[in-house]
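Asker: Provided below for reference: sequence and predicted model.
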Amino acid sequence: MKQVQSAIAHAGVSLADRKGVLGTLMLAPALAYIAALVAVPFFLAIGLSVSDATVGDPAIHHFVGLRNFVRVIHESAFHFGLRNSMIVTFATLILILVLATAESELLARDFRGKRLVQILLILPWAMPVSLAAVGWLWLLDSEFSPVDWLLRTAHLLGPGTLFGPANHLYYYGREWVGIGAIIAINVWRLLPFATIIVLAGRTSIPRDIFEQAEIDGAGFFRTLFHITLPALLPILTVAAMFTALLVFGDMTIAALTTRGGPGYTTQLLPYWAYLKGIEGGALSEGAAIALFLFPVLLVGAILALRFAYRTESA
Amino acid sequence: MATLELRGIKKRFGDFYAVDGVDLMIAEGEFLAILGPSGCGKTTLMRMIAGLEPPSAGEVLIGGVPVTHLPPRARNVSMVFQSYALYPHMSVAENIAFPLKARGMPKSERDTKVKWVVGLMGIEGLVKRKPGRLSGGEKQKVALARSLVRDPSLFIFDEPLSSLDAQVRAMARGELRQLHDRTGVTTVYVTHDQLEALGMGDRVAIMNRGQVRQLGTPQELYDDPADTFVAAFLGSPPMNLIERDNRIIGFRPEYLQPRADGSLAQGALVFKVRIMQLEFLGSEWLIYGVLEDGDGENRLLAKVDQPVASKLRSGESRDFVVERSCLRFFDKTTGLRIAPSAAKLTQ
C-alpha cells in the first residue's frame, strides 16, 4: 500500500502536465507574432489615418479627425481605385468559383494523364512572382504580344476586324483592356489555391451519393446543381472569402502591369494607398485609403464565416 | 417488375478476376440473396447489374432486354446502398422526390407518389427533416422509400441492414421481406450475413472467388451443400467435415448426438469424442470436442439440448452418433459433393 502511494506521488507531475499550462505555452509564439505583425500595424494605421503624419515626420502629433478620409474620397484616383478594386475583385471571384468548380469536377474523376494535368493546374501557384510578372509582361506586350499575334492570325485583330483597326491591343494602355488583363492575371494566380480548397471539399463527398444520383437517373448537370454544388457550398464560401481578400488587398499586379494608367483609369485602392502614402509621402492619407474598406471587408468576412458554419452544422 | 438474366459475366481488375463467369436467371418477383464472404465478388457483381461498372465480358438482361452497355438510368433499377446515400442537404421529402424529378415528372404527380410511398413506409412524421437528424432505422426507411417511389423493374440491396444495431436489424429483416411481398418487385439482395440471406431469400446464390458455388433455396443449401466451401460457410456453427476413407464426410452439429443406450440405428456412424468445452447458447449447448479415433486431430462440434448437455462433462470421452441419412460426402481433392450411392461406408 505504502509502495503504491509513493509510486503515484513520484510519477513526476511536471509543469507541462498541468491543465492549461502547455496549451498556453504552445500558443504564445503565434500570439506574439500576430500581435507584433498584425495588431500593431493595424492600430498604427488607424492612428495614422486620423493624424497629419507624413513620411518625413511619421510621428502621430495631431488628431485631425476624419479630415484625411474626406480629402481622399474627393480625388478622382480614389474613385477609379474604388470602382476598379470592386470590379476586379468581383469578376475574379466569379471566374475563380466557376473555374475552380470545373477543375475540381475534372480532377475528381480518373482519366489518363491526370497526374500531368494536376501538375499543370498547380504550376501557377509554384511560380515566383517576378518570373510570373516577366511572363505576363511579355504575353501582353504592346508590340510583341503572342496573344495579339494569335488574334491577328485568326483575323480577329487588325484593320477591318472585330478588335481592330489597330494591329495591337495595347493591354496596359487602354482602360478596360488593362482591367481585363489585371483580372486575367489574378484568376491565373489564384485559381490553383481555390481549386485545391474546392477539390478537398469535392473529394470529401461520399462516392455513394454520386452513384445514388446516377441510379436515380440524374444527368451531369442535375447532379452538379442539385447534389455537388449544395454539398460544396460551405467550402465554396471559404474559397470565395480567401480569394476576395487576396485579390482585394493585392497591389503587385497593378504595380507590375498598368501602374494604374492611363491616367488613373486602372488604379486599384491598395496600389493607390501605396502611391499616395509611401511614394507621395502623405502617410496619413495613405492609411485612410487603406482603411477605407476595412469595415465592409470585416462584415463580409464575418457573414461568410457564419454562413459556412451554419451550413456545415445543419 | 422484370426478370434478370446474367450470362457469363466476368470482371477483371488487372490480372485478377473479381467476377469469373457468373450465370444467373432470376424470375419475375423473385427475392434472390447473393451471399458470400468479403472479397468474393458479390459487390462487383451487383454493381454490374446496376450499371455502375461495365462487365469485362458477358451480358446483363433485364426483362429479356440486353442492358449491358446502358447507364443505370436507362435500366430502371433502384438501389439501396449500405450507407443509404441520402442527399444530406435535402429534406426527406426532397430526397424521395429526387428520382421522380430526374425523370421530369410534373409536380402534382410527384407529390401524389411521394405521399403514397411515405404512407407505405410509415414515415409521414419525418418528411420535413434532414437526413442528419434521422436514426439509422429511419434513414433505412427513407432510402427504401426513395428507391420504391419510381416503380423500379429491379431492386438491388447492398447490405442495407449492416449499419443497424442487432435489435433493429431483426425487425428490419421482417419488414423488408414483407415489403417485397407487397410490392412484388424482383429483388437482388447482397449480403455477407447468412441469417439475412437464408431468412429472406426465395433462393440464395453463394459466391466465392468470383463464382457462384451453389444456387438454391435456403433449405437446399443447408441440407445439401454442393461442396465443402458451402458446407463450411453456411450454418453457425458450420458443418463438421472429417476425412475418412479418402473422402470427406460432413454432418451438421445438431445431428451429432451422444450415443443413447440401446441398439444403434442401421448405418449410423459412431465417433469417440473427447469433450473439451461446453458452451451455453441459451436454448441449447454447443459441445467442442476432439475425435479420439481416426487419423490426425479432428475437431468436432455438437449442438445438444439442455437435458442431454447436463449429463456431459468437460474432459470426458464419449461415443457420439450421426444417423446415416444425415451424412454428406465430398470428394477429397475437388471438395465437390459425391452422390450418397457412390459413397459406400466401410464400418
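Answerer: Everything's here; your move.

Asker: Tell me the residues on chain B that lie near chain A, please.
Answerer: Proximity of chain B to chain A (Cβ under 8 Å from any Cβ of the partner chain) is limited to residues B:50-52, B:71-73, B:77-79, B:81-83, B:85, B:87-90, B:98-99, B:102-103, B:130, B:132, B:146, B:150. Where C-beta positions appear, they are placed from N, C-alpha and C, glycine not excepted.

Asker: Secondary structure element for residue 250, which one?
Answerer: I went with chain A, as the question did not name one. Assigned by DSSP states H and E, A:Asp250 falls within no helix or strand.

Asker: could you do chain B instead?
Answerer: Using DSSP H and E, B:Gly250 sits in strand B:247-251.

Asker: Report all helices and strands that that strand contacts.
Answerer: Under the contact criterion of 3 or more Cβ pairs under 8 Å, 6 or more residues apart in numbering or on different chains; DSSP states H and E, strand B:247-251 touches helix B:228-233, strand B:240-244, strand B:328-331.

Asker: Identify the residues contacting it?
Answerer: Residues outside strand B:247-251 that contact it (Cβ atoms under 8 Å, 6 or more residues apart in numbering or on different chains) are B:225, B:228, B:231, B:239-243, B:269, B:322, B:326-332, B:335, B:338, B:343.

Asker: which among those end up buried?
Answerer: B:225, B:228, B:231, B:239-242, B:269, B:322, B:326-331, B:335, B:343 (16 or more other Cβ atoms under 10 Å in any protein chain shown).

Asker: in the stretch 201-347 of chain B, which spans are strands?
Answerer: Taking DSSP state E, counting those that start in this stretch as the test, the strands found in the stretch 201-347 of chain B are B:203-208, B:211-216, B:240-244, B:247-251, B:257-258, B:269-280, B:284-291, B:299-305, B:317-322, B:328-331, B:337-338.

Asker: can you state the direction angle for the third one and strand B:317-322?
Answerer: Direction vectors for strand B:240-244 and strand B:317-322, defined by axes from the mean of the first three to the mean of the last three Cα atoms, to 10 degrees, enclose an angle of 100 degrees.

Asker: So for strand B:240-244, mean pLDDT?
Answerer: Average pLDDT, strand B:240-244: 85.

Asker: Please name the strands paired to that strand in the sheet, noting orientation.
Answerer: strand B:247-251 (antiparallel) (DSSP bridges).

Asker: angle of the partner strand against strand B:269-280?
Answerer: Using the same axes, to 10 degrees: strand B:247-251 against strand B:269-280 is 50 degrees.

Asker: Using CSV, list the CA coordinates for strand B:247-251.
Answerer: The C-alpha trace of strand B:247-251 is given here as CSV (Å, rounded to 0.1, in the frame of the first residue of the first chain):
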residue,chain,number,x,y,z
ARG,B,247,-13.4,-38.9,-48.7
ILE,B,248,-14.7,-36.0,-46.7
ILE,B,249,-17.7,-36.7,-44.5
GLY,B,250,-19.9,-33.8,-43.5
PHE,B,251,-22.7,-33.6,-40.9
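
Asker: tally of neighbours for B:Leu134?
Answerer: 18 (other Cβ atoms under 10 Å in any protein chain shown).

Asker: That'll do, ta.
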